[in-house]
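Enquirer: sequence? don't have it. structure:
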Ligand SMILES: Nc1nc2c(ncn2[C@@H]2O[C@H](COP(=O)(O)OP(=O)(O)OP(=O)(O)O)[C@@H](O)[C@H]2O)c(=O)[nH]1
Ligand SMILES: [Mg+2]
């Protein structure tokens, strides 16, 4: 396959390429060799927030909004708790039935099974593929807000944090390390009581954070009632413009690529060590207490 020539229209080929990089199968390095220089023009939005907050519904609304403006939208639904990958959970967890057949949309769900380099590296690789084949916007949606999900959304240029009315103590609990990553906050389900109160609580919490050059806006939206979506898109675009200035986007992407680089290195090192003929022998020595774990590790590392 000539990966360089794969375009947005070749949905099957795109799916194949993502599977290859996701599972790091034989030949996946070839894909990067061909497409990497074509990456960099897509804008990547990460969406996170508590379970059931409406992340999928909002992803759907945002995607439709971008599509109506002529953009190609790639969607990656990441579920670290799912053993499935490659679309088998589509429809269950994500509410995008109309989009799944839309020519301007490409939807893919990713779980945990079969990934050698970890879900984070797989996500990052899938982003690179979508970018290279012509996505204008890439949306990464995660399930839940555990630490690993937060790591995954870090592959994004802008992070949308979705909240809902009446989180109360949950907002307090989320504070550590999680609120900080949001660039734009959406209080979804604003049709339900208490939305304004939650907005005020979130704003109060943000005001206690260290001052940054971007103050995250907090918006009231409703995915199901389709309210506030234009404003939300506008704020995401504002954040993008803000980042375009003074090389901020470049720096952020460099940080994100650093993560990918380290994961790839780790993956390669692990594989080489496992392939090493002496590995079982060193393990044996370790088990018999002839050497300690650090000495054993050094022994193996010396070979590469
Ligand atoms: N009332 C109301 N319900 C909404 C709104 N947006 C989404 N919902 C509903 O909330 C439920 C959860 O929505 P999802 O979009 O699946 O939420 P999610 O955050 O993706 O959920 P997980 O992926 O399971 O964490 C669904 O029943 C939606 O119909 C809204 O604006 N108002
Ligand atoms: Mg969802």
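Expert: Yep, it's here. All values derive from a computational prediction rather than experimental measurement. Ligands and ions are numbered 1, 2, ... in the order given.
Enquirer: so what's residue 140 up against?
Expert: Counting by C-beta atoms under 8 Å, 6 or more residues apart in numbering, residue 140 makes contact with 44-47, 76, 78, 123, 127, 152-153, 155-156. Where you see a C-beta, it was placed from the backbone N, CA and C, and this is true even at glycine.
Enquirer: cutoff 10 Å now
Expert: If you count contacts by C-beta atoms under 10 Å, 6 or more residues apart in numbering, residue 140 has them with 44-48, 59, 74-78, 110, 123-124, 126-127, 149, 152-156, 159.
Enquirer: helix or strand for the residue of the stretch 1-150 of the chain found nearest ligand 2, which one?
Expert: In the stretch 1-150 of the chain, the residue found nearest to ligand 2 is residue 56; the distance is 3.3 Å by C-beta to the ion. Of the helices and strands defined by DSSP states H and E, residue 56 is found in helix 55-68.
Enquirer: which SSE is immediately downstream of that helix?
Expert: For helix 55-68, the following helix or strand on the C-terminal side (DSSP H and E) is strand 73-78.
Enquirer: who does that next one pair up with?
Expert: Looking at strand 73-78 with DSSP bridges, its paired strands and their directions are strand 105-110 (parallel), strand 137-142 (parallel).
Enquirer: rewinding a little: separation between the residue of the stretch 1-150 of the chain closest to ligand 2 and residue 141?
Expert: Using C-beta to C-beta, to the nearest Å, we find residue 56 at a distance of 6 Å from residue 141.
Enquirer: neighbour count: these two, which is higher?
Expert: The residue with more neighbours, out of residue 56 and residue 141 and counting by other C-beta atoms under 10 Å, is residue 141; that gives 30 against 20.
Enquirer: quick check: beta-bridge partners of the more buried one?
Expert: Listed beta-bridge partners, residue 141: residue 47, residue 77 (assigned using DSSP bridges).
Enquirer: quick one: contacts for it?
Expert: Taking C-beta under 10 Å, 6+ apart as the contact definition, residue 141 lies against 45-49, 55-56, 58-60, 62, 75-79, 93-94, 96, 107, 109, 149, 152-153, 160, 162.
Enquirer: show me where this protein has its strands.
Expert: Under the criterion DSSP state E, the chain contains strands at 43-48, 73-78, 105-110, 137-142, 158-163, 184-187, 218-220.
Enquirer: what's the neighbour count on residue 51?
Expert: Taking other C-beta under 10 Å as the neighbour definition, residue 51 ends up with a count of 8.
Enquirer: sorry, slip of the keys, the one I care about is residue 183.
Expert: Look at residue 183: counted by other C-beta under 10 Å, it has 23 neighbours.
Enquirer: quick one: least confident helix or strand in this structure?
Expert: Comparing every helix and strand of the chain by mean pLDDT, DSSP states H and E singles out helix 169-178 as the least confident one, with a mean of 63.
Enquirer: which parts of the stretch 1-150 of the chain sit against ligand 1?
Expert: Applying C-beta under 6 Å from any ligand atom, one finds that the stretch 1-150 of the chain approaches ligand 1 through 51-57, 93, 95, 143.
Enquirer: show me the shaky parts of the stretch 101-250 of the chain.
Expert: The model of the stretch 101-250 of the chain has pLDDT under 70 over residues 112-117, 144-149, 168-177.
Enquirer: try 90 this time
Expert: By pLDDT under 90, the low-scoring segments of the stretch 101-250 of the chain are 101, 109-125, 142-155, 166-181, 201-202, 204-213, 244-246.
Enquirer: next, format the strands paired with strand 73-78 as CSV and append distance to ligand 2.
Expert: Compiled in CSV, these are given as follows (distance: least, C-beta to the ion, whole Å):
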stretch, distance to ligand 2
strand 105-110, 10
strand 137-142, 6
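Enquirer: most tightly surrounded among the ones you listed?
Expert: Ranked by average neighbour count under the criterion mean count of other C-beta atoms under 10 Å, these are headed by strand 137-142 at a mean of 26.
Enquirer: run the chain-centre distance for that strand.
Expert: 6 Å (C-alpha atoms, centre = their mean, to the nearest Å).
Enquirer: same question for stretch 5-25.
Expert: Distance of stretch 5-25 from its chain centroid, counting by C-alpha atoms, centre = their mean, is 17 Å.
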